[in-house]
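Colleague: Generate coordinates for the sequence data below:
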Amino acid sequence: MRSLRFVAMLAAWTVAGAGLEATVILPASLEELVTGARAIVHGHVVVTEPRWADGHRQIETLVTVRAEEYLKGDLGGEVTFKVPGGQMGPYRRVVVGAPTFREGDEVVVFLNAQGPAVPWISGLNQGVFRVAQNAAGVKVVIPGVSLTADENAPGVTRQPLQERLALRVFNVQVRALARVRVLARVRALARPGVPTRDGVPVREGRAR
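Modeller: Numbering: from 1, shown residues only. Below is the predicted model:
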C-alpha cells in the first residue's frame, strides 16, 4: 500500500515540567497527502481542548473544526481530531513538527481515521494548510508550518502572501486528485481479475 513518506522519530527530554520531542518528517507531495487522507476538510477551528493520554504519560489536544466544505470524504458538520502536544496545568508537551491551533483559525486539514478512533492529521504539519488573505483580499493557503509559528522560525515559508496559491485553486487541485483516485478504484473494481494496490490497478512484471 502506498503511504505518506514521513517518519516520526524518538526522543524527548523534560525540563521544568515541559516536554520537547524531536520529530523528523520526510516531505510528502500533495498527491500523496490526498491519497493518504480519509477526509479533507476546509473550515474554522471552534474548540481546542488539551487532555492527558497514554495513562497520563502524554498530552494531546483535541481540535474541533466546523466544516465549510469537504474536498474528500465527509466526517460531519463538525469534526474533532487529535494532535500531539498541549498543556495541562504546569505540564507542557511540545512536539516539533506537530501543528498547533487557535480558535478562529481557518484551515484545510487532511485527516486519517480508523474505526471508532479519534481522527488524526496525515503527515503532522504537512497535513495542515492555514488560510490567510493577501493584500488584494484573495484567500491563499500557507502549507506545512505550525499555525502559531513565528514567520522567522526555522522551516517557516517566507513566500509573500501575494505569491501563494489561491484557496479556490488549491481546492480545485485537491478535488481533482481525489476524483482521479476514486475513478481508478472504480475501474479496478470493475475488473476483478486485475491486481490492485490501494484500490489502484498495478502492473505485474517478471521477477528478475
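Colleague: Now do residue 207, the pLDDT please.
Modeller: Here, the pLDDT recorded for residue 207 equals 42.
Colleague: can you pull out the helices in the chain?
Modeller: According to DSSP state H, the chain carries its helices in the segments 30-36, 167-189.
Colleague: okay if I get those as a markdown table plus mean neighbour count and distance to residue 65?
Modeller: In this view, the C-beta of every residue, glycine as well, is placed from N, C-alpha and C. As requested, the helices of the chain are exported to a markdown table (neighbours: other Cβ atoms under 10 Å; distance: least, Cβ to Cβ, whole Å):
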| stretch | mean neighbour count | distance to residue 65 |
| --- | --- | --- |
| helix 30-36 | 19 | 17 |
| helix 167-189 | 15 | 15 |
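Colleague: May I see those organised as CSV, with distance to residue 61 added?
Modeller: Listed next are the helices of the chain as CSV, based on distance: least, Cβ to Cβ, whole Å:
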stretch, distance to residue 61
helix 30-36, 21
helix 167-189, 25
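Colleague: need the least confident one among these, by mean pLDDT.
Modeller: For the helices of the chain, where the average pLDDT is lowest is helix 167-189, sitting at a mean of 80.
Colleague: before we move on, back to that, of all the helices of the chain, which one is nearest residue 127?
Modeller: helix 30-36 (6.0 Å; Cβ to Cβ).
Colleague: and the closest one, what other elements does it pack with?
Modeller: Judged by 3 or more Cβ pairs under 8 Å, 6 or more residues apart in numbering; DSSP states H and E, the packing partners of helix 30-36 are strand 106-112, helix 167-189.
Colleague: Among those, which comes closest to residue 84?
Modeller: Among the helices and strands packed on helix 30-36, if distance is taken as Cβ to Cβ, the winner is strand 106-112, at 13.7 Å.
Colleague: re the thing from before, can I get the helices and strands packed on helix 30-36 in TSV including distance to residue 78?
Modeller: Converted to TSV, the helices and strands packed on helix 30-36 look like this (distance: least, Cβ to Cβ, whole Å):
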stretch	distance to residue 78
strand 106-112	13
helix 167-189	20
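Colleague: returning to that earlier point: who wins for proximity to residue 108 among the helices of the chain?
Modeller: helix 167-189 (7.2 Å).
Colleague: so where's the chain shaky on pLDDT?
Modeller: 1-26, 144-159, 162, 181-208 (pLDDT under 70).
Colleague: Strands of that one, start to end?
Modeller: 12-15, 18-21, 39-53, 58-72, 78-84, 86-88, 91-95, 106-112, 120-121, 128-133, 139-143, 196-197, 200-201 (DSSP state E).
Colleague: Tabulate the ones you listed (JSON lines), appending mean neighbour count and distance to residue 29.
Modeller: Formatted as JSON lines, the strands of the chain follow (neighbours: other Cβ under 10 Å; distance: least, Cβ to Cβ, whole Å):
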{"stretch": "strand 12-15", "mean neighbour count": "10", "distance to residue 29": "29"}
{"stretch": "strand 18-21", "mean neighbour count": "16", "distance to residue 29": "25"}
{"stretch": "strand 39-53", "mean neighbour count": "17", "distance to residue 29": "15"}
{"stretch": "strand 58-72", "mean neighbour count": "19", "distance to residue 29": "15"}
{"stretch": "strand 78-84", "mean neighbour count": "19", "distance to residue 29": "22"}
{"stretch": "strand 86-88", "mean neighbour count": "18", "distance to residue 29": "29"}
{"stretch": "strand 91-95", "mean neighbour count": "19", "distance to residue 29": "23"}
{"stretch": "strand 106-112", "mean neighbour count": "21", "distance to residue 29": "12"}
{"stretch": "strand 120-121", "mean neighbour count": "18", "distance to residue 29": "16"}
{"stretch": "strand 128-133", "mean neighbour count": "19", "distance to residue 29": "14"}
{"stretch": "strand 139-143", "mean neighbour count": "19", "distance to residue 29": "11"}
{"stretch": "strand 196-197", "mean neighbour count": "12", "distance to residue 29": "17"}
{"stretch": "strand 200-201", "mean neighbour count": "14", "distance to residue 29": "16"}
